[in-house]
Structure formats: structure tokens, C-alpha cells
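>>> Quick one: sequence plus predicted model below, questions after.
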Amino acid sequence: LAATERATHLINSLLAFSRKQVLDPRPAGLNAIVQGIEKILRRVISEDVELRTLLAENDPMVRVDSSQIDQVLINLAANARDAMPGGGVLTISTGESPPPADLLPDAGPPPSGRYALLTVSDTGVGMESRIRDRIFDPFFTTKEVGKGTGLGLAAVHGIVSQHNGYISVESEAGKGTAFHIWLPLIGGGSRQTEAGGYDVSAYRGTETVLVVEDDHVLRLLNRTVLEKAGYRVIEAANGEEAVTQFSLHRDEIMLVIMDLVMPRMNGRKAYAEISKIRPGVKAIFISGYATDVIMEKGISTEGFRFIQKPVKPREYLKEVRAELDGR
């Protein structure tokens, strides 16, 4: 079952690389997106890495799936963290600039209009040209066996391409790395929608939610979506940790959002233990595979709200609000 979960993650990453994921693009300010995920990025990087943001005076307006751009920033921040084991500086900047000619399509007229520029740079170890030239290839990785799939930067490339954008990397060994992302600008000045690109006005809240997810990036994305909508989030990386966190915050947590398949203790068993601490606590189960597969493996979600991964932020928040309101 764990292999199925990993396979689902790989498939979603490959879909992103091949530009086949379904997007929910909405107008958003690029500055607002960066500011909205800044706290999350500080959790991604280590304590000895300084995060700096250099944001354009006028917020560049783009039409994007905000949750996907969040994923891009989280992946690039994690990549920068790994490149600075001894500490350093991670800088995220926004502005307006046309893409260089060598990135434009060989066939047909070059894209017209103006572009926003998002740059993520670090002061890390950098890359030799042989690595830099393959950095966006699926399954190419410099990490140890078992430490990564090599799909993180490939997925970043796919997400940017699906937004009709461009991405390039500048890097030399010992001189750090800079990723440059160009996204088409749209009109409308500095106007922006709530939560950096998706309207959540009907589904906001202030309750405390326990998010239980063993995938680090997915856990951060869940937290980002919830915090942007006003919720307070407590995290757990597995079932045992979920029980511990609930025990510590039993009077605060109003809802548990639990992945079903996790190491040490699955979501259903963890909920059973949590129920011993406070019976009747509200819960939503979430998973990357269908309910019939879950049932075949002997894990029941009967009587509980269930969310299928992947899910759009707005639909996710709609389910959260409905569960909290008892609808």
C-alpha cells in the first residue's frame, strides 16, 4: 500500500512535468504569493539559512494556480537548503523582465506581451555544467539512493511550462545557484484575490486543525492552504506523532485531517487512539488512492468525510468548512 502511495506521488510529478495536470488559474499578485508562503519556506530551510525577499514595488499580476506556484517555491527552497549544508542565504525576488531570446520557441513567432520575473537564488555549492544541463530531466538526481526521486525540479519545470512560462538556471561550482522564472503578466494593476489566487471568502475559519501527512512537501502545502484561509495548524508526520500532538493540544484541536497510509501507524488506527483521548473529535481522511482500494486493504473510512488526492485548494477548504460546521 505504501508503494501505491509512492507511485501516486510519482505519477502526479510526471503529470506536472508533462504539462497534463489540471490547473485552476486565477489572477494573483506574485508578491502576495511569496509573502503568503514565506513562513512555510522558513520551516523548509534550516536555521542557519537566512531567507531574504526583494519584492517589486508594484505587485506583478499573473494568472496562476496559486497552490502550484507554492509547490514550485517549496521545491526550490528545499533544493537550496540541500545546497547549503553549512548555512547561507536564500533570496526570492520579483520584478518585470522579458525572457531571454534563447528560451523562446524555435518555431513560430515569439510570445508577445510583458512578463513577471520570479528569481530564487542561493549562496550554496553550485553545480558543474554537466549537472546543470540535466537538472530538469525526470529522475535525474544528485541525492543518495532512497533520498529523492529526482522529480522535484522536473515537476517545477512542468508547472512553469503549463503556465505558459519559462525557467532557466544559472550556476557554477562554488558560486551558488539562481533559478529564474518568467510568467506572463496580466492587466489589472495590483488587484489580487484572497489567499494569493483562489477565492476562499466562504470557507475561512480560525479553528485549530491537526494536519497529519507523512510527505513533507504535501504537509507544507496543506498547511499553506489552511493558514492562508485563517486557520491555525498543528502538524504531525505520522500516526504516532498525531496521537502525541493531539494529547498535547486536546482542548484546542477542532478537526483532524489525516492521511490514511503512513509509517508506524495508519490514519484509521491513529484516529482510534485519538478518540480515546477525546471521543467524537471531527476528522477528515485523505488519500491518493480510491476508496475501493482502501477497503481492499482493510482500512475503513465509513462514517467519515473522505478527500481524494490531488484536490484543488478551494474544494479542500470547502470540505474542511463543511466538516467543522457539521454539514
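Structure received. Given the structure is predicted, the values throughout are model-derived calculations rather than measurements.
>>> which regions of this structure sit below the pLDDT cut-off?
1-22, 104-112, 130, 132, 136-151, 188-200, 289-301 (pLDDT under 70).
>>> let's see it at 50
Per-residue confidence for the chain (pLDDT under 50) gives these ranges: 1-19, 107-110, 140, 142-151, 188-196.
>>> Which helix runs longest in it?
In the chain, assigned by DSSP state H, the helix with the most residues is helix 66-83.
>>> so what strands line up beside the helix or strand just after it?
Of the helices and strands lying after helix 66-83 in sequence (DSSP states H and E), the nearest is strand 88-96. According to DSSP bridges, strand 88-96 has the following sheet partners: strand 49-54 (parallel), strand 115-122 (antiparallel).
>>> so which of those strands comes closest to Ser97?
Ranking the strands paired with strand 88-96 by proximity to Ser97 (Cβ to Cβ) places strand 115-122 first, at 4.2 Å. Placement of C-beta: from N, CA and C, glycine included.
>>> Residues contacting the closest one, please?
The set of residues that contact strand 115-122 without belonging to it, under Cβ atoms under 8 Å, 6 or more residues apart in numbering, is 30, 34, 60-62, 73, 76-77, 80, 83-84, 88-99, 165-166, 176-185.
>>> about what we covered before: mind putting the strands paired with strand 88-96 in JSON lines, distance to His249 included?
As requested, the strands paired with strand 88-96 are arranged in JSON lines below (distance: least, Cβ to Cβ, whole Å):
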{"stretch": "strand 49-54", "distance to His249": "27"}
{"stretch": "strand 115-122", "distance to His249": "34"}
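>>> ok, back up a step: what helices or strands is the longest helix of the chain leaning on?
strand 26-29, helix 30-44, strand 88-96, strand 115-122, helix 152-162, strand 177-184, helix 216-228 (3 or more Cβ pairs under 8 Å, 6 or more residues apart in numbering; DSSP states H and E).
>>> Recalculate using a threshold of 7 Å.
With contacts defined as 3 or more Cβ pairs under 7 Å, 6 or more residues apart in numbering; DSSP states H and E, helix 66-83 has these neighbours: helix 30-44, strand 115-122, helix 152-162, helix 216-228.
>>> mind checking which of those is nearest Gly288?
Among the helices and strands packed on helix 66-83, helix 216-228 comes nearest to Gly288, with 9.1 Å by Cβ to Cβ.
>>> Quick check: buried residues in that closest one?
For helix 216-228, the neighbour count (16 or more other Cβ atoms under 10 Å) marks 217-228 as buried.
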